[in-house]
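Undergrad: Quick one: sequence plus predicted model below, questions after.
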Amino acid sequence: TLFRSDTIIPNLNMDLMKEVIKQTKATIDNIVELLKPLFDKNQNPDLPGENDFAELPAKMMNTFIDLLAKAFKTDRQTIIDKLLEIPLVKKIMANGLTRAVAYRLVSEYARLELHSGVTTIRTVGGLGDFDTRVRDDAAAGRLEAPRILAANMGISVPGGHMAGSVAIAANSIPEALAQVEAAKAQGVDLIKLMITGGVLDAKEKGTPGELKMKPDMVRAVCDKAHELGFVVAAHVESTEGVRMALECGVDSIEHGAAPTDEVMRLFGERKSFLCTTLSPALPYALFDRSVSCASEVEQFNGNMVFEGIIANAKAALEQGVPVALGNDVGCPWITQYDFWRELCYFEKFVGVSRSFALHTATLRNAQLAGIGDITGSIEVGKEADMIVTATNPLDDLRALRTVKHVIHRGQLIAKPRVKRKTAIDCELDKFL
(Lines give C-alpha, C1' and ligand atoms only; values in the text may rest on other atoms or scores of the structure.)
Protein backbone atom coordinates (compact mmCIF):
# COMPACT_ATOMS: atom_id res chain seq x y z
CA THR A 1 0.00 0.00 0.00
CA LEU A 2 1.01 3.64 -0.01
CA PHE A 3 4.36 4.53 1.52
CA ARG A 4 5.02 8.20 1.85
CA SER A 5 8.28 9.99 2.53
CA ASP A 6 8.05 13.22 4.50
CA THR A 7 7.01 14.32 7.98
CA ILE A 8 4.10 13.44 10.20
CA ILE A 9 3.01 16.91 11.17
CA PRO A 10 1.41 19.72 9.15
CA ASN A 11 1.80 23.16 10.72
CA LEU A 12 2.19 21.54 14.12
CA ASN A 13 2.83 24.76 15.97
CA MET A 14 -0.35 26.35 14.58
CA ASP A 15 -2.43 23.34 15.58
CA LEU A 16 -0.62 23.07 18.88
CA MET A 17 -1.21 26.70 19.78
CA LYS A 18 -4.90 26.30 18.95
CA GLU A 19 -5.13 23.21 21.14
CA VAL A 20 -3.21 24.79 24.00
CA ILE A 21 -5.54 27.79 23.91
CA LYS A 22 -8.50 25.43 24.10
CA GLN A 23 -7.17 23.18 26.85
CA THR A 24 -5.63 25.79 29.14
CA LYS A 25 -8.25 28.52 28.56
CA ALA A 26 -5.43 30.86 27.63
CA THR A 27 -6.48 34.32 26.52
CA ILE A 28 -5.48 36.22 23.44
CA ASP A 29 -3.58 38.60 25.71
CA ASN A 30 -1.21 35.75 26.60
CA ILE A 31 -0.41 35.18 22.94
CA VAL A 32 -0.02 38.87 22.20
CA GLU A 33 2.37 39.23 25.12
CA LEU A 34 4.36 36.30 23.72
CA LEU A 35 4.63 38.01 20.33
CA LYS A 36 5.40 41.54 21.51
CA PRO A 37 9.07 40.88 22.40
CA LEU A 38 9.60 39.62 18.86
CA PHE A 39 8.70 43.00 17.37
CA ASP A 40 10.82 46.10 17.92
CA LYS A 41 8.52 48.97 18.89
CA ASN A 42 11.39 51.41 18.44
CA GLN A 43 11.51 50.53 14.77
CA ASN A 44 7.73 50.60 14.40
CA PRO A 45 6.34 53.30 16.73
CA ASP A 46 2.88 52.93 15.19
CA LEU A 47 2.28 49.57 16.86
CA PRO A 48 -1.13 49.66 18.54
CA GLY A 49 -1.72 50.01 22.26
CA GLU A 50 -2.95 47.42 24.73
CA ASN A 51 -6.67 47.99 24.17
CA ASP A 52 -6.48 47.52 20.42
CA PHE A 53 -6.00 43.77 20.88
CA ALA A 54 -9.20 43.25 22.89
CA GLU A 55 -11.23 42.00 19.95
CA LEU A 56 -8.76 39.36 18.73
CA PRO A 57 -10.59 36.00 18.67
CA ALA A 58 -9.00 32.67 19.43
CA LYS A 59 -11.63 30.39 17.91
CA MET A 60 -10.15 30.18 14.42
CA MET A 61 -6.39 30.07 14.04
CA ASN A 62 -6.39 31.44 10.52
CA THR A 63 -8.53 34.40 11.59
CA PHE A 64 -6.24 34.85 14.57
CA ILE A 65 -3.19 35.03 12.31
CA ASP A 66 -4.89 37.50 9.96
CA LEU A 67 -5.81 39.80 12.81
CA LEU A 68 -2.34 39.65 14.34
CA ALA A 69 -0.84 40.49 10.96
CA LYS A 70 -3.11 43.52 10.74
CA ALA A 71 -2.45 44.57 14.34
CA PHE A 72 1.33 44.36 13.97
CA LYS A 73 1.16 46.00 10.53
CA THR A 74 2.84 43.07 8.80
CA ASP A 75 1.91 40.05 6.66
CA ARG A 76 0.60 36.61 7.58
CA GLN A 77 3.90 34.88 6.90
CA THR A 78 5.77 37.17 9.27
CA ILE A 79 3.31 36.26 12.03
CA ILE A 80 3.74 32.56 11.25
CA ASP A 81 7.53 32.99 11.22
CA LYS A 82 7.38 34.66 14.61
CA LEU A 83 5.22 31.87 16.03
CA LEU A 84 7.77 29.39 14.76
CA GLU A 85 10.80 31.19 16.18
CA ILE A 86 13.04 29.43 18.68
CA PRO A 87 11.58 31.01 21.85
CA LEU A 88 8.11 29.62 21.09
CA VAL A 89 9.34 26.14 20.25
CA LYS A 90 11.45 26.12 23.39
CA LYS A 91 8.37 27.07 25.40
CA ILE A 92 6.39 24.24 23.81
CA MET A 93 9.04 21.63 24.48
CA ALA A 94 10.01 22.89 27.94
CA ASN A 95 6.53 22.74 29.45
CA GLY A 96 5.08 19.38 30.42
CA LEU A 97 1.51 20.30 29.51
CA THR A 98 2.26 21.73 26.07
CA ARG A 99 4.68 18.91 25.35
CA ALA A 100 1.98 16.37 26.23
CA VAL A 101 -0.57 18.18 24.07
CA ALA A 102 1.91 18.24 21.19
CA TYR A 103 2.56 14.53 21.48
CA ARG A 104 -1.16 13.77 21.45
CA LEU A 105 -1.51 15.84 18.31
CA VAL A 106 1.38 14.06 16.62
CA SER A 107 -0.11 10.70 17.59
CA GLU A 108 -3.48 11.68 16.14
CA TYR A 109 -1.84 12.88 12.93
CA ALA A 110 -0.11 9.53 12.63
CA ARG A 111 -3.43 7.73 13.09
CA LEU A 112 -4.96 9.89 10.36
CA GLU A 113 -2.10 9.00 8.03
CA LEU A 114 -2.81 5.32 8.55
CA HIS A 115 -6.55 5.65 8.08
CA SER A 116 -5.97 7.51 4.81
CA GLY A 117 -4.14 4.45 3.47
CA VAL A 118 -0.50 5.27 4.24
CA THR A 119 1.03 2.32 6.08
CA THR A 120 4.64 3.54 6.25
CA ILE A 121 6.08 7.03 6.76
CA ARG A 122 9.68 8.12 6.44
CA THR A 123 9.90 11.25 8.57
CA VAL A 124 12.58 13.84 7.93
CA GLY A 125 12.21 16.45 10.63
CA GLY A 126 10.14 16.66 13.80
CA LEU A 127 9.87 18.09 17.29
CA GLY A 128 12.29 16.55 19.76
CA ASP A 129 12.07 12.76 19.82
CA PHE A 130 8.34 12.62 19.05
CA ASP A 131 8.71 10.66 15.80
CA THR A 132 10.70 7.81 17.34
CA ARG A 133 8.33 7.78 20.32
CA VAL A 134 5.29 7.45 18.05
CA ARG A 135 7.12 4.76 16.09
CA ASP A 136 7.89 2.76 19.22
CA ASP A 137 4.48 3.29 20.84
CA ALA A 138 2.78 2.12 17.65
CA ALA A 139 5.05 -0.92 17.35
CA ALA A 140 4.20 -1.81 20.96
CA GLY A 141 0.48 -1.51 20.27
CA ARG A 142 -0.01 1.56 22.49
CA LEU A 143 -1.37 3.69 19.66
CA GLU A 144 -2.54 3.36 16.07
CA ALA A 145 -0.02 4.59 13.51
CA PRO A 146 1.81 3.59 10.35
CA ARG A 147 5.23 1.97 10.38
CA ILE A 148 7.67 4.85 10.85
CA LEU A 149 11.26 5.41 9.77
CA ALA A 150 12.21 8.44 11.85
CA ALA A 151 14.90 11.10 11.68
CA ASN A 152 13.57 13.20 14.57
CA MET A 153 15.03 16.72 14.49
CA GLY A 154 17.06 17.65 11.46
CA ILE A 155 20.35 19.52 11.49
CA SER A 156 20.35 23.10 10.24
CA VAL A 157 22.45 26.20 10.94
CA PRO A 158 21.60 29.57 12.53
CA GLY A 159 19.25 31.31 10.12
CA GLY A 160 18.88 28.09 8.16
CA HIS A 161 15.80 26.22 7.02
CA MET A 162 13.53 25.22 9.95
CA ALA A 163 16.25 26.01 12.47
CA GLY A 164 14.73 26.03 15.94
CA SER A 165 11.49 24.27 15.01
CA VAL A 166 12.02 20.82 13.49
CA ALA A 167 15.81 21.16 13.22
CA ILE A 168 18.57 22.21 15.58
CA ALA A 169 20.78 25.15 14.63
CA ALA A 170 24.37 23.89 14.68
CA ASN A 171 26.88 26.71 15.14
CA SER A 172 29.85 24.48 14.34
CA ILE A 173 30.81 21.06 13.02
CA PRO A 174 31.21 19.66 16.57
CA GLU A 175 27.65 20.78 17.37
CA ALA A 176 26.35 19.14 14.21
CA LEU A 177 28.17 15.89 15.03
CA ALA A 178 26.84 16.04 18.59
CA GLN A 179 23.32 16.08 17.13
CA VAL A 180 24.14 12.98 15.10
CA GLU A 181 25.14 11.26 18.33
CA ALA A 182 22.00 12.53 20.05
CA ALA A 183 19.88 11.20 17.21
CA LYS A 184 21.60 7.85 17.50
CA ALA A 185 20.81 7.76 21.21
CA GLN A 186 17.15 8.41 20.37
CA GLY A 187 17.15 5.40 18.05
CA VAL A 188 16.57 7.20 14.76
CA ASP A 189 16.54 5.40 11.43
CA LEU A 190 18.19 8.14 9.35
CA ILE A 191 19.76 11.60 9.59
CA LYS A 192 18.29 14.76 8.03
CA LEU A 193 20.21 17.86 6.92
CA MET A 194 18.76 21.26 5.98
CA ILE A 195 21.37 22.38 3.45
CA THR A 196 19.56 25.17 1.63
CA GLY A 197 16.75 27.57 2.35
CA GLY A 198 13.28 27.17 0.88
CA VAL A 199 10.52 29.19 -0.73
CA LEU A 200 9.56 30.94 2.50
CA ASP A 201 13.17 31.60 3.52
CA ALA A 202 13.95 33.59 0.37
CA LYS A 203 13.64 37.37 0.64
CA GLU A 204 14.19 38.19 -3.04
CA LYS A 205 13.01 36.80 -6.35
CA GLY A 206 15.20 34.04 -7.74
CA THR A 207 16.83 33.12 -4.44
CA PRO A 208 14.98 30.02 -3.17
CA GLY A 209 17.34 27.27 -2.15
CA GLU A 210 20.11 29.63 -1.09
CA LEU A 211 23.01 27.68 0.40
CA LYS A 212 22.92 27.88 4.19
CA MET A 213 25.16 25.03 5.34
CA LYS A 214 28.82 24.93 4.37
CA PRO A 215 30.27 21.93 2.53
CA ASP A 216 32.66 20.96 5.32
CA MET A 217 29.75 20.57 7.76
CA VAL A 218 27.73 18.55 5.25
CA ARG A 219 30.68 16.28 4.57
CA ALA A 220 31.46 15.82 8.26
CA VAL A 221 27.88 14.88 9.10
CA CYS A 222 27.65 12.46 6.17
CA ASP A 223 30.94 10.80 7.12
CA LYS A 224 29.84 10.43 10.76
CA ALA A 225 26.37 9.21 9.89
CA HIS A 226 27.70 6.64 7.44
CA GLU A 227 30.23 5.48 10.02
CA LEU A 228 27.33 4.86 12.41
CA GLY A 229 25.29 3.05 9.76
CA PHE A 230 22.80 5.83 8.92
CA VAL A 231 21.80 7.21 5.54
CA VAL A 232 21.53 10.98 5.15
CA ALA A 233 18.60 12.81 3.59
CA ALA A 234 18.90 16.51 2.76
CA HIS A 235 16.48 19.35 2.13
CA VAL A 236 17.77 20.98 -1.07
CA GLU A 237 15.97 23.40 -3.42
CA SER A 238 18.66 24.79 -5.71
CA THR A 239 20.92 23.37 -8.40
CA GLU A 240 24.06 24.42 -6.55
CA GLY A 241 22.67 22.89 -3.36
CA VAL A 242 22.02 19.57 -5.07
CA ARG A 243 25.53 19.53 -6.55
CA MET A 244 27.17 20.31 -3.22
CA ALA A 245 25.03 17.82 -1.29
CA LEU A 246 25.87 14.98 -3.66
CA GLU A 247 29.58 15.82 -3.68
CA CYS A 248 29.62 15.72 0.13
CA GLY A 249 27.96 12.32 0.41
CA VAL A 250 24.21 12.87 0.86
CA ASP A 251 22.18 9.75 0.08
CA SER A 252 18.86 11.32 -0.88
CA ILE A 253 17.85 14.73 -2.17
CA GLU A 254 14.52 15.87 -0.79
CA HIS A 255 12.71 18.14 -3.31
CA GLY A 256 15.39 18.76 -5.98
CA ALA A 257 16.08 21.56 -8.47
CA ALA A 258 16.75 22.23 -12.13
CA PRO A 259 19.34 19.62 -13.15
CA THR A 260 22.65 20.00 -14.94
CA ASP A 261 24.80 17.35 -16.60
CA GLU A 262 27.16 17.51 -13.62
CA VAL A 263 24.33 17.03 -11.12
CA MET A 264 22.96 14.03 -12.97
CA ARG A 265 26.45 12.53 -13.23
CA LEU A 266 26.85 12.90 -9.47
CA PHE A 267 23.50 11.21 -8.83
CA GLY A 268 24.74 8.22 -10.80
CA GLU A 269 28.22 8.13 -9.26
CA ARG A 270 26.97 8.47 -5.68
CA LYS A 271 24.06 6.04 -6.14
CA SER A 272 21.85 8.64 -4.49
CA PHE A 273 18.14 9.01 -5.09
CA LEU A 274 15.70 11.87 -5.55
CA CYS A 275 12.57 12.29 -3.44
CA THR A 276 10.13 14.28 -5.58
CA THR A 277 7.74 16.56 -3.66
CA LEU A 278 5.39 18.59 -5.83
CA SER A 279 2.73 19.12 -3.16
CA PRO A 280 4.45 21.87 -1.13
CA ALA A 281 5.42 24.01 -4.13
CA LEU A 282 2.18 23.73 -6.11
CA PRO A 283 0.06 26.15 -4.01
CA TYR A 284 2.72 28.86 -4.15
CA ALA A 285 3.28 28.34 -7.86
CA LEU A 286 -0.27 27.85 -9.14
CA PHE A 287 -2.77 29.28 -6.65
CA ASP A 288 -4.02 32.81 -7.07
CA ARG A 289 -2.27 34.91 -4.45
CA SER A 290 -5.63 35.94 -3.00
CA VAL A 291 -6.03 32.28 -2.06
CA SER A 292 -2.48 31.28 -1.12
CA CYS A 293 -1.80 34.56 0.73
CA ALA A 294 1.67 34.38 -0.81
CA SER A 295 3.65 37.48 -1.56
CA GLU A 296 4.78 38.23 -5.11
CA VAL A 297 8.28 37.05 -4.17
CA GLU A 298 6.95 33.81 -2.67
CA GLN A 299 4.83 33.09 -5.75
CA PHE A 300 7.78 33.71 -8.10
CA ASN A 301 10.10 31.54 -6.03
CA GLY A 302 7.43 28.90 -5.53
CA ASN A 303 7.05 28.55 -9.29
CA MET A 304 10.83 28.41 -9.67
CA VAL A 305 11.05 25.55 -7.17
CA PHE A 306 7.99 23.79 -8.66
CA GLU A 307 9.45 23.82 -12.17
CA GLY A 308 12.86 22.75 -10.84
CA ILE A 309 11.41 19.74 -9.04
CA ILE A 310 9.56 18.67 -12.17
CA ALA A 311 12.66 19.04 -14.34
CA ASN A 312 14.80 17.14 -11.83
CA ALA A 313 12.29 14.29 -11.66
CA LYS A 314 12.04 14.02 -15.44
CA ALA A 315 15.83 14.01 -15.87
CA ALA A 316 16.23 11.42 -13.13
CA LEU A 317 13.73 9.07 -14.70
CA GLU A 318 15.27 9.52 -18.14
CA GLN A 319 18.76 8.71 -16.84
CA GLY A 320 17.89 5.84 -14.51
CA VAL A 321 18.29 7.72 -11.22
CA PRO A 322 15.95 6.26 -8.58
CA VAL A 323 12.97 8.47 -7.73
CA ALA A 324 10.82 8.31 -4.61
CA LEU A 325 7.66 10.26 -3.78
CA GLY A 326 6.95 12.43 -0.75
CA ASN A 327 4.66 15.35 -0.05
CA ASP A 328 6.34 17.31 2.74
CA VAL A 329 3.64 17.59 5.37
CA GLY A 330 4.44 20.63 7.46
CA CYS A 331 3.90 23.05 4.59
CA PRO A 332 0.73 25.09 4.05
CA TRP A 333 -2.12 23.39 2.19
CA ILE A 334 -0.86 19.85 2.86
CA THR A 335 -2.93 17.61 5.11
CA GLN A 336 -2.11 14.24 6.65
CA TYR A 337 -4.64 12.42 4.49
CA ASP A 338 -3.78 13.59 0.98
CA PHE A 339 -0.59 11.81 -0.05
CA TRP A 340 -2.63 10.41 -2.95
CA ARG A 341 -2.45 13.86 -4.54
CA GLU A 342 1.30 13.50 -5.00
CA LEU A 343 0.65 10.51 -7.27
CA CYS A 344 -1.79 12.58 -9.31
CA TYR A 345 0.78 15.37 -9.65
CA PHE A 346 3.46 12.84 -10.61
CA GLU A 347 1.24 11.66 -13.45
CA LYS A 348 0.08 15.12 -14.54
CA PHE A 349 3.26 17.17 -14.32
CA VAL A 350 6.08 14.63 -14.68
CA GLY A 351 4.21 12.56 -17.24
CA VAL A 352 4.45 9.07 -15.76
CA SER A 353 1.81 6.39 -16.18
CA ARG A 354 -0.68 5.65 -13.40
CA SER A 355 0.85 2.21 -12.89
CA PHE A 356 4.32 3.74 -12.54
CA ALA A 357 3.04 6.30 -10.04
CA LEU A 358 1.55 3.48 -7.97
CA HIS A 359 4.75 1.45 -8.25
CA THR A 360 6.82 4.44 -7.11
CA ALA A 361 4.61 5.18 -4.10
CA THR A 362 4.67 1.57 -2.95
CA LEU A 363 7.48 -0.83 -3.84
CA ARG A 364 9.98 1.74 -5.09
CA ASN A 365 9.59 3.92 -2.00
CA ALA A 366 10.00 0.88 0.24
CA GLN A 367 13.11 -0.25 -1.61
CA LEU A 368 14.74 3.19 -1.45
CA ALA A 369 13.97 3.40 2.26
CA GLY A 370 15.74 0.08 2.77
CA ILE A 371 12.69 -2.02 3.72
CA GLY A 372 11.67 -3.45 0.35
CA ASP A 373 12.02 -6.93 1.85
CA ILE A 374 9.37 -6.07 4.47
CA THR A 375 6.70 -4.08 2.66
CA GLY A 376 5.87 -2.27 -0.57
CA SER A 377 4.25 -5.17 -2.40
CA ILE A 378 1.91 -8.06 -1.70
CA GLU A 379 4.18 -11.10 -1.58
CA VAL A 380 4.58 -14.21 0.53
CA GLY A 381 6.90 -13.46 3.43
CA LYS A 382 6.22 -9.72 3.57
CA GLU A 383 4.04 -7.94 6.11
CA ALA A 384 0.44 -7.57 4.99
CA ASP A 385 0.07 -3.87 4.11
CA MET A 386 -2.69 -3.07 1.63
CA ILE A 387 -5.72 -0.91 0.97
CA VAL A 388 -9.10 -1.46 -0.65
CA THR A 389 -10.67 1.26 -2.81
CA ALA A 390 -14.14 1.44 -4.36
CA THR A 391 -12.79 1.93 -7.88
CA ASN A 392 -9.61 1.06 -9.74
CA PRO A 393 -6.76 3.60 -9.34
CA LEU A 394 -5.28 2.31 -12.60
CA ASP A 395 -8.26 3.98 -14.28
CA ASP A 396 -8.10 7.14 -12.17
CA LEU A 397 -5.63 7.84 -9.33
CA ARG A 398 -8.30 9.87 -7.59
CA ALA A 399 -9.71 6.52 -6.50
CA LEU A 400 -7.09 6.66 -3.73
CA ARG A 401 -8.92 9.59 -2.16
CA THR A 402 -11.52 7.32 -0.61
CA VAL A 403 -10.13 4.20 1.06
CA LYS A 404 -12.72 1.63 2.09
CA HIS A 405 -10.42 -0.62 4.12
CA VAL A 406 -6.82 -0.52 5.34
CA ILE A 407 -4.78 -3.56 6.30
CA HIS A 408 -1.60 -2.78 8.20
CA ARG A 409 0.73 -5.52 9.38
CA GLY A 410 -2.13 -7.94 8.92
CA GLN A 411 -4.59 -5.96 11.03
CA LEU A 412 -7.82 -4.85 9.34
CA ILE A 413 -9.15 -1.32 9.74
CA ALA A 414 -12.63 -1.98 8.39
CA LYS A 415 -13.92 1.59 8.60
CA PRO A 416 -11.13 4.13 8.32
CA ARG A 417 -11.91 7.48 9.96
CA VAL A 418 -10.61 10.50 8.08
CA LYS A 419 -11.74 14.01 8.95
CA ARG A 420 -11.29 16.18 5.89
CA LYS A 421 -10.72 19.90 5.52
CA THR A 422 -13.25 20.95 2.89
CA ALA A 423 -11.82 24.37 2.09
CA ILE A 424 -8.34 22.96 1.47
CA ASP A 425 -9.67 20.06 -0.60
CA CYS A 426 -11.77 22.40 -2.74
CA GLU A 427 -8.80 24.56 -3.73
CA LEU A 428 -6.40 21.66 -4.33
CA ASP A 429 -8.96 19.73 -6.41
CA LYS A 430 -8.74 22.45 -9.06
CA PHE A 431 -5.24 21.25 -9.99
CA LEU A 432 -5.78 17.50 -10.25
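TA: Here it is on my side, so go on.
Undergrad: Next, the distance between the ends of stretch 410-428.
TA: 33 Å (CA to CA, to the nearest Å).
Undergrad: and what of stretch 233-246?
TA: 10 Å.
Undergrad: Check stretch 148-163 too.
TA: Using CA to CA, the two ends of stretch 148-163 sit 23 Å apart.
Undergrad: what distance separates that stretch from the centre of its chain?
TA: 11 Å (CA atoms, centre = their mean, to the nearest Å).
Undergrad: Geometric centre of the protein: which residue is closest?
TA: Centroid-nearest residue in the chain: Asp328, 3.1 Å away (criterion: CA atoms, centre = their mean).
Undergrad: thinking that residue is in contact with Cys275, fair?
TA: No: counting by CB atoms under 8 Å, Asp328 stays clear of Cys275, with 9.1 Å between them. Where you see a C-beta, it was placed from the backbone N, CA and C, and this is true even at glycine.
Undergrad: where do the contact lists of those two overlap?
TA: Glu254, His255 (CB atoms under 8 Å, 6 or more residues apart in numbering).
Undergrad: Quick check: closest non-adjacent residue to the residue nearest to the centre of the chain.
TA: In this structure, Asp328 finds its nearest non-sequential neighbour in Pro280, 4.2 Å apart by CB to CB, 6 or more residues apart in numbering.
Undergrad: Spell out the secondary structure type for the one you found.
TA: coil (DSSP: H, G, I helix; E, B strand; the rest coil).
Undergrad: Quick one: residues contacting it.
TA: Val199, His255, Asn327, Asp328, Cys331, Trp333, Ile334.
Undergrad: That one and Gly249, how far apart?
TA: The gap separating Pro280 from Gly249 is 25 Å, by CB to CB, to the nearest Å.
Undergrad: Kindly report the same for His115.
TA: Taking CB to CB, one finds His115 at 37 Å from Gly249.
Undergrad: ok, those two, which is more surrounded?
TA: His115 (21 against 18; other CB atoms under 10 Å).
Undergrad: pretty sure the more buried one contacts Ile413?
TA: Yes: at 6.4 Å, His115 counts as touching Ile413 under the criterion of CB under 8 Å.
Undergrad: need the helices for the stretch 301-432 of the chain, in chain order.
TA: Assigned helices in the stretch 301-432 of the chain, in chain order: 340-345, 354-359, 365-368, 422-429 (criterion: DSSP state H, counting those that start in this stretch).
Undergrad: The stretch 151-300 of the chain too?
TA: Under the criterion DSSP H, counting those that start in this stretch, the stretch 151-300 of the chain contains helices at 173-185, 215-227, 239-247, 261-270, 282-286, 289-292, 296-318.
Undergrad: Val418: which of the ones you listed is closest?
TA: Among those, the nearest to Val418 by CB to CB is helix 282-286 (20.7 Å).
Undergrad: ok, residues contacting the closest one?
TA: Residues contacting helix 282-286 (CB under 8 Å, 6+ apart): 199, 292, 294, 298-299, 301-303, 305-307, 332-333, 345, 427-428, 431.
Undergrad: Can you select the buried ones from the residues you listed in PyMOL?
TA: Selection of buried members from the contacts of helix 282-286 for PyMOL, criterion 16 or more other CB atoms under 10 Å:
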select buried, resi 199+292+294+298+299+301+302+303+305+306+332+333+345+428+431
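Undergrad: still on that earlier bit, can you work out which residues contact both of His115 and Ile413?
TA: Common neighbours of His115 and Ile413 (CB under 8 Å, 6+ apart) are Val406.
Undergrad: buried stuff in stretch 144-161?
TA: Those would be 144-157, 160-161, for stretch 144-161 by 16+ other CB under 10 Å.
Undergrad: Among those, which pair sits farthest apart?
TA: Pairwise distances across those (CB to CB) peak at 36.5 Å, for the pair Glu144 and Val157.
Undergrad: who touches Asp251 in this structure?
TA: Cys222, Val231, Val232, Ala233, Arg270, Ser272, Phe273 are the contacts of Asp251 under CB under 8 Å, 6+ apart.
Undergrad: With distance to Glu318 and neighbour count added, can I get those in TSV?
TA: Below are the contacts of Asp251 laid out as TSV (distance: CB to CB, whole Å; neighbours: other CB atoms under 10 Å):
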residue	distance to Glu318	neighbour count
Cys222	27	22
Val231	24	20
Val232	25	25
Ala233	23	28
Arg270	18	16
Ser272	16	22
Phe273	15	21
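Undergrad: of all those, which comes closest to Glu379?
TA: For those, the nearest to Glu379 is Phe273 (22.1 Å; CB to CB).
Undergrad: The closest one is in contact with Pro322, isn't it?
TA: Yes: judged on CB under 8 Å, Phe273 makes contact with Pro322 at a distance of 3.9 Å.
Undergrad: Please enumerate the shared neighbours of these two.
TA: Leu368.
Undergrad: Which stretches in the stretch 51-200 of the chain count as strands?
TA: 118-123, 147-149, 154-156, 167-169, 191-194 (DSSP state E, counting those that start in this stretch).
Undergrad: Reformat those strands as JSON lines; add mean pLDDT and distance to Arg417.
TA: Below are the strands of the stretch 51-200 of the chain laid out as JSON lines (pLDDT from 0 to 100; distance: least, CB to CB, whole Å):
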{"stretch": "strand 118-123", "mean pLDDT": "96", "distance to Arg417": "14"}
{"stretch": "strand 147-149", "mean pLDDT": "97", "distance to Arg417": "19"}
{"stretch": "strand 154-156", "mean pLDDT": "97", "distance to Arg417": "31"}
{"stretch": "strand 167-169", "mean pLDDT": "94", "distance to Arg417": "32"}
{"stretch": "strand 191-194", "mean pLDDT": "98", "distance to Arg417": "30"}
